[in-house]
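Participant: heads up, no residue letters with this:
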């Protein structure tokens, strides 16, 4: 941080955080790339540029597509499973731990905010969680290690043992409805906040990306820490285009 330590945007960010009492953090893929997790959209390197995502309706209607989804899950990119929270996650956990944060609203599915020590009830996952699976009918939870063993042995995942429903990773797929309760929780948190701190989100995916804009309309401060420009930079109180972990760890005093 030596090249940015005295920069005006970082000092303004620190001042905003110091004054705030009810911060809502809004996080996207950019905070987790520093933990080694590829993002989904970057040209040439994003996961979706290498393999088309499976649409939710296709997953529901086609046994072949369901098994293809599990094949990708258990034989493909495994960086998410091995990832650990980085300085950015730790900085947010520090601010949550001292009572400055109301909640973390995240577009990520990697469970790294929980792994950093933030209580599960303070993490609002708009796009679900990739660390386990659920039955789409009765919501019974299934651990991925058990499902992987089943898939490797039989090349298929059986229906739910409780109700016969379809088992799916607990993520929100393309074409799948956003989780109503999580959206409600996010709105409630934003409405109670005095600062929305966006970390590592391109703010390009709606409806999720509407929350920071909503916070600003309600009179809360808006700060953005992201390596690239976002559509909301023009209305933000401060924008920092730097590496996330070093920036936030400096601001909150983590060595």
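Facilitator: Alright, I've got the coordinates. From a predicted model like this one, the values you see are computed outputs, not experimental measurements.

Participant: Need the nearest residue in space to residue 228, chain neighbours excluded.
Facilitator: In this structure, residue 228 finds its nearest non-sequential neighbour in residue 202, 6.7 Å apart by CB to CB, 6 or more residues apart in numbering. C-beta here means a position set from N, CA and C on the backbone, and glycine is covered the same way.

Participant: Residue 136 now?
Facilitator: residue 166 (4.9 Å).

Participant: Count the neighbours of the residue lying closest to residue 127 once chain neighbours are set aside for me.
Facilitator: Among residues not flanking residue 127 along the chain, residue 172 sits closest, at 4.6 Å (CB to CB, 6+ apart). Neighbour count of residue 172, defined by other CB atoms under 10 Å: 20.

Participant: coming back round to it: confirm that the residue nearest to residue 228 sits in a strand.
Facilitator: No. Going by DSSP: H, G, I helix; E, B strand; the rest coil, the assignment for residue 202 is coil, not a strand.

Participant: pretty sure it is touching residue 230, no?
Facilitator: Yes. When contacts are counted by CB atoms under 8 Å, residue 202 is listed as touching residue 230 (5.9 Å).

Participant: and the closest residue to residue 30 other than its chain neighbours, backbone torsions?
Facilitator: Nearest residue to residue 30, sequence neighbours excluded (CB to CB, 6+ apart): residue 200, at 2.7 Å. Phi and psi for residue 200, reported as degrees, to the nearest 10, are phi 70, psi 30.

Participant: now do residue 144
Facilitator: Torsion angles, degrees, to the nearest 10, at residue 144: phi -70, psi -30.

Participant: Roughly how far does it sit from residue 152?
Facilitator: Distance, residue 144 to residue 152, by CB to CB, to the nearest Å: 12 Å.

Participant: higher neighbour count, those two?
Facilitator: residue 144 (18 against 10).

Participant: which residues does the more buried one contact?
Facilitator: Contact partners of residue 144, counting by CB atoms under 8 Å, 6 or more residues apart in numbering, are 73, 131-133, 169.

Participant: pLDDT score assigned to residue 224?
Facilitator: Looking at residue 224, its pLDDT is 98.
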